[in-house]
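Q: Predicted coordinates and the sequence they were generated for:
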Amino acid sequence: MNIDCGKRHFGPRRTSGRNRHLINTWSQAYKAFAGALVVASAGAVAAEAQDSDPMLFYDQNGLTVRGHLQFGLNAVAERNLFWDLAATTAPGSGFDPDTNWLEGYIKPGVSFEYQLDTGAVFYGKLSAVSSYTWGTDAFDTGDTGATTLEEAYLAIRGDLGTGLSYDLSLGPRELTLGTGMLIANGATSGFERGALKFGPRKAWEMAVIGRLSFGNVTGTAFYLDPNELPSTDGNNELAGFDLRFDDPAGGFLGATFVNVLNSDSPYPQAAPGGVGAPSVTPGAREDTKTLGLYAKTSPFSGALENWTFTGDFAYQWNDRIDLEAWAGRVTAGYTFASLPWSPNLTLGYQTFSGDDPDTAKLERFDPLYYQGSPSAWATGSKSASTFINSNVNALTLALRVQPTRQDTWTLRYAHIRANELNSPVQFGQATRVDVNGNVVSGVTDAHLADDLFFEYSRIINRNTFLTAGVSVSFPGAGLDNVVGGSADPWTGGFVNVVVNF
């Protein structure tokens, strides 16, 4: 299992009256729903044992009730966290750059499907996450955790005839669109919730999702309210649509449009000329619109056999605050199918615009709710915990080998640079006074870091998975200039076990 290095959120905590009404209304429905499932599953267990599938509680008269259980434990060690920049940018913080911690989570759930006489299927799922961190994690938080609702939705799917099918759902659930560049991680872990690296929460706090499919084309309309940390809830609400074509051979082509309906989340903007602290505009994310395009090739034959290419591009704008930004990625992968262990080599380049300090316009890309694991949209391995996908670019290389069907070894490298100098790279936390007494933000040299990540995954059995990794991030000249010397590498490692039924 890959460690989730998702972005961090900033902003005041408030819960809108509309959301409180939705939560109160649906909580009553979910309690009734959960009670019905408990009664059904208990009766089924008493009636007959399901030796072939212990998580199948009931399967009679068109009703199927199934249990779900996932839990994991992760041991982490970090040395010289964040290249010990805190010693320069926040010397009075007392931040310890060396730490070890243990984190764990458990995610129980129950789901059902009921076949209606019309042929449609009524279905739903209820689950929760309980997580905890023992010790102090990378963000100086520890010995804390929380239990939260994860999925709690009701849905219906069926056929409309003439090749059309539909799927409608209401309630907290997971949703990933495209390659996960914009819409994937609907919830935040870590901090007061614990399990920072695992990131076990994925479901949106509220989701209204409607899908209509015809052949290989699927259209998805959505309304989403992310499950944010109580301490930094930005009251974000999103809506939009996704249109996707899936090639039966394996490729796909799609487009996603996202509109931020409501938000208290702020945006930073570089000071004019890059001299001075960045300005921060509360609620700037509201009305931000993003159009994303994504594609992956189907398997080729002939000269391009064993090659795979992907491409993503996003354009973002907000007329209210004069925002215009962009981002994109291209990858090329080749599988050496005739060699032992079937090595796969993937070369990629991803870039996210930063704010140009020499213009009045805001060009900083907002990555929204991207999938931040190293195998998805993380910019680097270590660096992904520091730089969100804004004002950065990265040349990436990944080599994967499989000595057996159960064992996978992956080596990842990322050369990470800033797109704009003297402009916020993450959010502006490294704003500081330079040697000339000027307040500056961002970096004065584009080279940020070079990250190496070596990962081993083992399928112990159909339900148990082991993952271990070591990583190191070598600071570039941009970070060296921040500390006024040669910054030391940031190293770390982890080992975790996940059990999934």
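A: Sure thing, it's come through. Numbering: from 1, shown residues only.

Q: any idea how far Val495 is from Ala255?
A: When distances are taken as CB to CB, to the nearest Å, Ala255 and Val495 turn out to be 40 Å apart. Backbone N, C-alpha and C define where each C-beta goes, glycine included.

Q: cool, Trp204 as well?
A: With distances taken as CB to CB, Trp204 is found 30 Å from Val495.

Q: These two: which is more packed in?
A: Just comparing Trp204 and Val495: by other CB atoms under 10 Å the higher neighbour count belongs to Trp204, 27 against 15.

Q: low-scoring stretches of the protein, by residue?
A: Residues of the chain that meet the criterion pLDDT under 70 lie in 1-51, 427-440.

Q: Show the residue spans covered by the strands in the stretch 201-350 of the chain.
A: Ranges of strands in the stretch 201-350 of the chain, per DSSP state E, counting those that start in this stretch, are 206-214, 217-225, 237-246, 252-262, 267-269, 279-281, 289-296, 307-318, 323-335, 344-352.

Q: Distance to Glu192 for those - can I get that in CSV?
A: As requested, these are exported to CSV (distance: least, CB to CB, whole Å):
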stretch, distance to Glu192
strand 206-214, 21
strand 217-225, 19
strand 237-246, 22
strand 252-262, 23
strand 267-269, 24
strand 279-281, 23
strand 289-296, 29
strand 307-318, 30
strand 323-335, 30
strand 344-352, 28
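
Q: Which of these has the highest mean neighbour count?
A: Among the strands of the stretch 201-350 of the chain, judged by mean count of other CB atoms under 10 Å, the one packed with the most neighbours on average is strand 267-269 (a mean of 25).

Q: That one: how far from the chain's middle?
A: Offset of strand 267-269 from its chain centre (CA atoms, centre = their mean, to the nearest Å): 22 Å.

Q: Tell me the strands beside it, with direction?
A: The strands that strand 267-269 pairs with in its sheet are strand 279-281 (antiparallel) (by DSSP bridges).

Q: The nearest residue to Pro282 once chain neighbours are set aside: neighbour count?
A: Distance criterion CB to CB, 6 or more residues apart in numbering; nearest residue to Pro282, sequence neighbours excluded, is Pro266 at 4.8 Å. When neighbours are defined as other CB under 10 Å, Pro266 has 19 of them.

Q: and the gap between Pro266 and Thr359?
A: Counting by CB to CB - Pro266 and Thr359 are separated by 19 Å.

Q: do the same with Gly215
A: The separation that Gly215 has from Thr359, given CB to CB, amounts to 46 Å.

Q: cool, and Leu196?
A: Distance from Leu196 to Thr359, counting by CB to CB: 36 Å.

Q: Neighbour count for those two, which is higher?
A: Looking at Leu196 and Thr359 with other CB under 10 Å, you find the greater number of neighbours at Leu196, namely 26 against 12.

Q: OK, contacts around that one?
A: Residues touching Leu196, when contacts are defined by CB atoms under 8 Å, 6 or more residues apart in numbering, comprise 103, 133, 137-139, 141, 189-190.

Q: make it 7 Å
A: Contacts here follow CB atoms under 7 Å, 6 or more residues apart in numbering; on that basis Leu196 touches 103, 133, 137-139, 189-190.

Q: Using CSV, lay out these together with distance to Thr467.
A: Converted to CSV, the contacts of Leu196 look like this (distance: CB to CB, whole Å):
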residue, distance to Thr467
Glu103, 14
Thr133, 18
Asp137, 18
Ala138, 18
Phe139, 21
Ser189, 17
Gly190, 18
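
Q: I'd like to know which of these are buried.
A: Burial by neighbour count, 16 or more other CB atoms under 10 Å: within the contacts of Leu196 this picks out 103, 133, 137-138, 189-190.

Q: Isn't Ser423 up against Thr359?
A: No - the pair formed by Ser423 and Thr359 falls short of the contact definition of CB atoms under 7 Å, at 10.6 Å.

Q: which strand of this structure spans the most residues?
A: With DSSP state E applied, the strand covering the greatest number of residues in the chain is identified as strand 142-161.
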